[in-house]
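K.L.:
Predicted model follows, preceded by the sequence.
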Amino acid sequence: MLEEILTGLIVSALGSGAAGLWLHRRRLRLLLPALRPGRRMRVSAAVLLRVQDDGGYVLFHSPRRPGSYGPPGGVAKYSAGARRHLERLGFHEEPRSQPNMRHDLRGFVPSRALAGFARWWAKSEGRESAAECLRRELEEELAEVGHPDLGVDLTTVDFVAVRTVLDGPHRVPGRSYRQLRLLEVCDLDPASPGAAELRRLLLELADDPADGGIIRVSAYDIEYGRLDACYIQPQSAYLFGARRLNADLPILR
C-alpha cells in the first residue's frame, strides 16, 4: 500500500514537472543561453501592422532593400530614461549610419542578459508603445513610398494587439552569434476615428497597378517569398504566424 502511494506521488510530481516545463518552454529558451555566459546574442524588438482584406496583406516597398516589400512598422526605440537599465543589461546598440535609426532596440546583449532583456521589453516601460512606434513608422514609410500626406491624421489612429512573437534564439548563418526577435503584431483599431479611412486608402493604393510603393499579397506569396518581380521580406510571415519561413534579405547600410 505504501509503495503504491509513493509511486503515485512520484508519477504526479513528474507529470506536474513536465507540464510546468511545457508551459514555460518559451522562458527556458531564454535561460539556456546563460549556461554559456561568454556568448553574445543579437536582439531585435519591433512592432508590425497587419492590414488585411479577403486573405490579402498590405506590404510597403523598402528603400533599404530595393525591390522588396514588408509590412508597415519596424524596430521600436528606447527612451533616454531606459539607457541606464539597458547598459546594466549589457545592451550595445547596433551601429547605423542613418540618424533616424539611432536609439533602435536592435543590438547585442550578453547571453546571461537575454531573459532580462525580454522581460524588460514585455513591461512596455522605457520604450515606445506599439501605437507610438506604428504612428512614427507609418509617417516615415508613407513618405518613403511617395505618399507623405494621405489626408489622415495618424494621431487619431489606434491599434489593437493581435499577437506577441518570441522568435529564437536561432543561429545566424555565417555569424558567430544567435539571434532573438521580439515582436508585437497589431491590427488597426476600427473604433479609432482615422482607422477606417487609413485602411481604405492603403487598400486602394495596394490595388492600384500604377503605384509600385504599396502592394497586396497572399499568404502563399509570403510563404513563397516572392510575387512576380517583388521579393517579400521574411518578417511578413509574422502577420499570420509566429516564425519566419525564409532567410533575411541584406539591407543597404
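P.N.:
Perfect, I can see it now.
K.L.:
Buried residues of stretch 60-78, list them for me.
P.N.:
60-62, 65, 68-78 (16 or more other CB atoms under 10 Å). Every C-beta, even on glycine, is put in place using the N, C-alpha and C of the backbone.
K.L.:
The closest residue to residue 141 other than its chain neighbours bridge partners, please.
P.N.:
Spatial nearest neighbour of residue 141, chain neighbours left out: residue 60 (5.1 Å); criterion: CB to CB, 6 or more residues apart in numbering. As for beta bridges, residue 60 partners with residue 70, residue 214 under DSSP bridges.
K.L.:
close enough to count as contact, residue 60 and residue 69?
P.N.:
Yes - between residue 60 and residue 69 a contact is recorded at 6.3 Å, counting by CB atoms under 8 Å.
K.L.:
So, low pLDDT: which residues of the stretch 1-150 of the chain?
P.N.:
Along the stretch 1-150 of the chain, the model assigns pLDDT under 70 to residues 1-38, 97.
K.L.:
Which pLDDT does the model give the residue nearest in space to the middle of the chain?
P.N.:
Residue closest to the mean C-alpha point of the chain, counted by CA atoms, centre = their mean, is residue 183 at 2.9 Å. On the pLDDT scale, residue 183 is placed at 96.
K.L.:
What of residue 178?
P.N.:
For residue 178, pLDDT reads 88.
K.L.:
So what's the residue count around it?
P.N.:
19 (other CB atoms under 10 Å).
K.L.:
Over to residue 90?
P.N.:
Neighbour number of residue 90 under other CB under 10 Å is 17.
K.L.:
got the domain boundaries for the protein?
P.N.:
1-35, 38-239 (automatic domain parsing).
K.L.:
can you pull out the helices in the stretch 101-250 of the chain?
P.N.:
114-123, 130-144, 195-206, 219-224 (DSSP state H, counting those that start in this stretch).
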